[in-house]
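Peer 1: just need the structure, nothing else, for what follows:
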Amino acid sequence: MEPFNLTDHPHRRLNLLTGEWVLVSPHRTKRPWQGQIEKLPPDIRPSYDPTCYLCPGNIRAGGVVNPAYTQTFVFENDFAALMSVEVAGRVDVDGLLRAEPVQGVCRVLCFSPRHDLALSEMPVSAIRPVIDMWAEQTSELAALPYIGYVQVFENRGAMMGASNPHPHGQIWAAEQTPNEPAKEAAQQATYFAAHGRALLLDYGALEMRAAERIVCANDEWLALVPFWAVWPFETMLLPRGPVATLPDLDDASRDALADILKRLTTRYDNLFEAPFPYSMGWHQRPCDGRDYPGWLLHAHFYPPLLRSATVRKFMVGFEMLGEPQRDIPAEAAAARLRDLSETHYRQQIGR
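Peer 2: Next up, the predicted model:
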């Protein structure tokens, strides 16, 4: 009988944050690909696009004119998924058909007036105001009496559902804590009850000792490929100290976060020398007034690309009906990202 190892043998890894398993199949990286090939979006965009709904001074789809903003710009989503309208009653038919109303607020945050940029190509000094606005919006929305959770996120690229290429993200504030952070809250609370320490602080310290899944780090933050990652080049950002929400970050932590965001997203673009699509988002402590012991602020990056800028990972079949599966071991993905330059490929000499 062969001795088990993580490099060669199919195995399952436990996601400590959700309590769910992921199947890892390292031997499948050698299989040929005859599936769908994506079309790449244009790699060159103007700094201002008169047809863009998010550029300064332009008319949005809802008819509102954007101000001539010069840094960040926040506005109420013209086609919001949640509304701040109180509705009475709920549906419960024999405990089998259940529905309840939900209130909320959806906002859009433009990172820059420049249409042609992304976090990966913005200077660190321009990323810091984005972080400040994430924190400011979290504080403002969390103070609303009917809000229990604030979700900050970004969808980058048409492949990940972004309807506009202008650099922007969103902030959705909902009455209830959504499924994913709710699962994470339960797991973190269970670990804290058993050990008296924050799960993700212990996990981050373990990863720093192991080093094999670390992509980059500074004095305040870690960027790593989680041991239980599902997406091929999935990463997570972890603070190196106890902090639960974006508004809790001090100036030094915000400056360091701007640095680590720049370094990580530049590596993403450099991986296939193309704008790298992803969905990223912050999981911060819910603001519903309950106790959340052991909660640590963190961000997830979920990129779909698998083998190149035109071959993506699909969640289908066994993954939809059974459990998630990945081919590239987390350690190999981290090594590939770690070895990439921190100078954006478009800025490298001769490019």
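Peer 1: tell me which helix or strand in the chain has the weakest average pLDDT.
Peer 2: strand 311-312 (a mean of 84; mean pLDDT, DSSP states H and E).
Peer 1: so what's the gap between it and the chain middle?
Peer 2: 19 Å (CA atoms, centre = their mean, to the nearest Å).
Peer 1: check Glu136 and give its pLDDT.
Peer 2: pLDDT for Glu136: 98.
Peer 1: meant to ask about His9
Peer 2: 83.
Peer 1: so what's the most centrally placed residue in the chain closest to, chain neighbours aside?
Peer 2: Residue closest to the average C-alpha location in the chain (CA atoms, centre = their mean): Met280, at 1.6 Å. Spatial nearest neighbour of Met280, excluding adjacent residues (CB to CB, 6 or more residues apart in numbering): Phe301 at 4.5 Å. C-betas here are computed from N, CA, C, even on glycine.
Peer 1: let's verify that neighbour: helix, strand, or coil?
Peer 2: strand (DSSP: H, G, I helix; E, B strand; the rest coil).
Peer 1: which residues does it bridge with?
Peer 2: Here Phe301 shows beta-bridge partners Thr235, Met280, assigned using DSSP bridges.
Peer 1: hang on, it packs against Tyr278?
Peer 2: Yes - Phe301 is in contact with Tyr278 according to CB atoms under 8 Å; the separation is 5.2 Å.
Peer 1: shared neighbours, the two?
Peer 2: Taking CB atoms under 8 Å, 6 or more residues apart in numbering as the contact rule, Phe301 and Tyr278 both touch Tyr268.
Peer 1: for the helix ranked longest in the chain, give the mean pLDDT please.
Peer 2: Determined from DSSP state H, the single longest helix within the chain is helix 251-272. Here helix 251-272 scores 98 as its mean pLDDT.
Peer 1: with just CA atoms, put that helix into CSV.
Peer 2: The C-alpha trace of helix 251-272 is given here as CSV (Å, rounded to 0.1, in the frame of the first residue of the first chain):
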residue,chain,number,x,y,z
ASP,A,251,-3.9,53.9,9.6
ALA,A,252,-0.9,51.5,9.6
SER,A,253,-3.2,48.5,8.8
ARG,A,254,-5.0,50.4,6.0
ASP,A,255,-1.7,51.5,4.4
ALA,A,256,-0.4,47.9,4.6
LEU,A,257,-3.7,46.6,3.2
ALA,A,258,-3.3,48.9,0.2
ASP,A,259,0.2,47.5,-0.3
ILE,A,260,-0.9,43.8,-0.1
LEU,A,261,-3.9,44.4,-2.4
LYS,A,262,-1.6,45.9,-5.0
ARG,A,263,1.0,43.1,-4.8
LEU,A,264,-1.6,40.3,-5.0
THR,A,265,-3.7,41.7,-7.8
THR,A,266,-0.6,42.5,-9.8
ARG,A,267,0.5,38.9,-9.5
TYR,A,268,-3.0,37.8,-10.7
ASP,A,269,-2.7,39.9,-13.9
ASN,A,270,0.9,38.7,-14.4
LEU,A,271,-0.1,35.0,-14.2
PHE,A,272,-1.5,34.9,-17.7
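Peer 1: next one: it to chain centre, how far?
Peer 2: Worked out by CA atoms, centre = their mean, helix 251-272 lies 13 Å from the chain centre.
Peer 1: ditto for stretch 61-70
Peer 2: Centroid displacement of stretch 61-70 relative to its chain, using CA atoms, centre = their mean, is 26 Å.
Peer 1: what helix or strand is Phe153 located in?
Peer 2: strand 149-156 (DSSP states H and E).
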